[in-house]
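S.K.: would you be able to build a 3D model of this:
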Amino acid sequence: MRSPPRAGAVEAELLADVSVDLGWALIERFATLVRESGSAAELAAADYIASHLARLKIPHEVHEPTLYLSLPRSGSVELSGPGGTTLQGKPPSFAASTGPAGLTAPAVHVPAAAVKDVTDLFSDHRATGAEVRGKIVVSEGYAMPLAVQRFERAGAAGQVYINPGTRVHWGICTPIWGMPTDRTIQQKPKTPVLAISRPDGDRLLGAMQSGQGQVTIRTALEEGWYRCKVPVARIAGMSDDFVLAHGHYDSWDVGIGDNAVGDATLLELARIFHAHKRQLRRSLLVAWWPGHSMGRYAGSTWFADRFAMELRQRCVAALNIDSPGCRDATAYEEVMWMAEADDLCRRAIEDATGVTPRRLRPIRAGDYSFNQIGLTSFFMLLSNIPKTERDARGYYPVGGCGGNIAWHTEDDTLEVADRDSLARDLRVYVTAVVRVLNATILPFDYRATLKEIADAVEEYRKQAAGLVDFSELDRELKQLKTALRRFYAALARPSRGAAAERANDTLKELARILVPINYAAGERFDHDPALPLGPLPRLAAAARLPSAPPDQRRFLQAGLTREINKVANALHEAWRLVRRSA
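M.R.: Numbers count the residues shown, from 1 in each chain. All right, here's what the predicted structure looks like:
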């Protein structure tokens, strides 16, 4: 039997092996491939990854799922009146196609506030009160699911979104996370949706203000089932327990900053950790997803469904790699990780880069397809162009490319990537991964998770204004807090062998209980919609209690009481788990 690895020495050896030569070759190859999901170019990209894994003798599989995708083809807005001006745009994936005749209807402007940062991208900050039934809504921003769903439910015939820049950004407007089911397929948008540029949006709004109230929109998309490939490398450590490092390899156009740089990083991680596999306490899985952009995380969702029990039983953590290594991206101001991974992530970034990061709570995005299994997860985007520099350049918030507004456009080409930034970010990932793989005791502090949950309860208590009873939650929170304090005090004493394994089993099971209640509203092994979720989302209805009409309030109270019981029961199960492990 192999001896346990010496953590510090192994970390130093891994970091000494950091190079981006192999990754940069991948980036240059991907710069020639428009990796639309289900296309020959995407399949060629998967084969490229697999060929290098084979050359390096890294054990791997290439799964071939059939995924449900939506591929945008064309879109336009035709203005009525003299000249018949036509403005070109892009329909988001899963919008409805109009057919050649298009959709003609009166247009109505519903103003929207500017997006503030990456956590704001999926929110809906549009004005309320406008009558949209039977009309084509024109609004600023991106065609995100929450807004699209809101207007469609209000009866809008179609929607046009004015993107903030001179380029039109591709996107996806369905709230369905991954593969639709017979229960979720009806949530797919049923009306045409389109994005246009800011200059064309100004022309459209000007024409509307001049009395040209009728517009015609045309959208064309291909939708259906497509064979895709999911390469997965498996680097075996001493234990079958594993970390899952993952990211998407499909793209809009050649998508260098989103996400060829992430694919390069994943390949380098596989290379580095395979070379040192005999020094790893735990195993590492490295996975590349298709269907991220045109299937709303279809690849990672397929993997979560197909390997649900292996993930539930063996995965100790997951980290998402999207858009690292971009030009001028030197700041770590908007890095996402779950609360229990706070010390791990802060120290990994500081030790690898010398930069102090700022944590954001992970949003419902970015291939976080494992929340309802209960996986502690960290990272999504990593380094960014400093916000002050983005402001000086006139950049608006985007969801990748290191903050570069080339994101989801034809401009996301080779010059978006940067070798030095890629190497620096690779050092962050290597540091974080090895500290999980080789820790005697998993480096996750669920006292921080419980505090985040307790803070959310306090906020919901204020919002509910005394209209629902939180006392059962209060008791369970207090009881679990005491148990966790004792549990972590015991962990502070040296522990190895069977005692360490028992402690790690407890930590894994804590994640299976606490992550779903902190990050999910639905049941285990389901996938919540791609809509904004705050902490402890099961209790979000508390905010609606004070303003609800009396009869509706009673229904809300009944539902909220049941959700409180579910959360209290989860906390009670966590307490029983921790108490048994003492």
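S.K.: from now on I want contacts and neighbour counts done on CA atoms only, so please keep to that.
M.R.: OK.
S.K.: now whichever strand or helix holds Glu452: buried residues?
M.R.: Using DSSP states H and E, Glu452 sits in helix 446-464. Residues of helix 446-464 classed as buried under the neighbour-count rule (16 or more other Cα atoms under 10 Å) are 446-450, 452-454, 456-457, 460-461, 463-464.
S.K.: swap in stretch 336-356?
M.R.: 336-342, 344-349, 352-353.
S.K.: out of these, which sit inside helices?
M.R.: Asp342, Leu344, Cys345, Arg346, Arg347, Ala348, Ile349, Ala352, Thr353 (DSSP state H).
S.K.: check contacts around the fourth one.
M.R.: This means Arg346. Thr356, Pro357 (Cα atoms under 8 Å, 6 or more residues apart in numbering).
S.K.: can you read off the pLDDT for it?
M.R.: Per-residue confidence at Arg346 stands at 98 (pLDDT).
S.K.: quick check: it vs Glu131, distance?
M.R.: 48 Å (Cα to Cα, to the nearest Å).
S.K.: for the top helix by length along the chain, name the packing helices and strands.
M.R.: Longest helix in the chain by number of residues (criterion: DSSP H): helix 550-581. Counting contacts by 3 or more Cα pairs under 8 Å, 6 or more residues apart in numbering; DSSP states H and E, helix 550-581 is packed against helix 471-491, helix 497-519.
S.K.: pLDDT (mean, whole number) over it?
M.R.: 96.
S.K.: so for it, what gets flagged as buried?
M.R.: 553, 556-557, 560-561, 563-564, 567-568, 570-575, 577-578.
S.K.: so which of the helices and strands packed on helix 550-581 is nearest Gly23?
M.R.: helix 497-519 (32.2 Å; Cα to Cα).
S.K.: so what touches the closest one?
M.R.: Residues contacting helix 497-519 (Cα under 8 Å, 6+ apart): 312, 316, 371-376, 440-442, 444, 446, 449-450, 453, 491, 524, 533-538, 567, 570-571, 573-574, 577-578, 581.
S.K.: can you report how many residues lie near His60?
M.R.: Neighbour count for His60, taken as other Cα atoms under 10 Å: 17.
S.K.: show me what contacts the closest residue to it other than its chain neighbours?
M.R.: Leaving aside its sequence neighbours, His60 sits nearest to Ala233 (Cα to Cα, 6 or more residues apart in numbering; 4.1 Å). Each residue near Ala233 by Cα under 8 Å, 6+ apart is listed here: Leu53, Ile58, Pro59, His60, Glu61, Ala270, Leu285, Val286, Ala287.
S.K.: can you rerun that using 10 Å?
M.R.: If you count contacts by Cα atoms under 10 Å, 6 or more residues apart in numbering, Ala233 has them with 49-50, 53-54, 58-62, 244-245, 266-267, 270-271, 274, 284-288.
S.K.: likewise for Leu103?
M.R.: With Cα under 10 Å, 6+ apart, Leu103 has these contacts: 77-78, 97, 136, 157-158, 191-192, 215-219.
S.K.: sorry, back to before: now the residue nearest to His60: which helix or strand?
M.R.: strand 230-235.
S.K.: Ile373 now?
M.R.: With DSSP H and E as the test, Ile373 turns up in no helix or strand.
S.K.: if I look at it, how far off is Glu340?
M.R.: Distance, Ile373 to Glu340, by Cα to Cα: 16 Å.
S.K.: I'd like the average pLDDT over stretch 212-225.
M.R.: Rounded mean pLDDT across stretch 212-225 is 95.
S.K.: C-alpha coordinates for that stretch, CSV please?
M.R.: Written as CSV, here are the backbone C-alpha positions of stretch 212-225 (Å, rounded to 0.1, in the frame of the first residue of the first chain):
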residue,chain,number,x,y,z
GLN,A,212,-43.8,53.9,-36.7
GLY,A,213,-45.6,51.6,-34.2
GLN,A,214,-45.7,48.4,-36.3
VAL,A,215,-42.6,46.2,-36.7
THR,A,216,-41.9,42.9,-38.2
ILE,A,217,-39.5,40.4,-36.6
ARG,A,218,-38.1,37.3,-38.2
THR,A,219,-36.3,34.5,-36.5
ALA,A,220,-34.9,31.2,-37.7
LEU,A,221,-33.5,28.5,-35.5
GLU,A,222,-32.9,24.8,-35.8
GLU,A,223,-34.0,22.7,-32.9
GLY,A,224,-33.8,19.0,-32.2
TRP,A,225,-31.6,16.1,-31.1
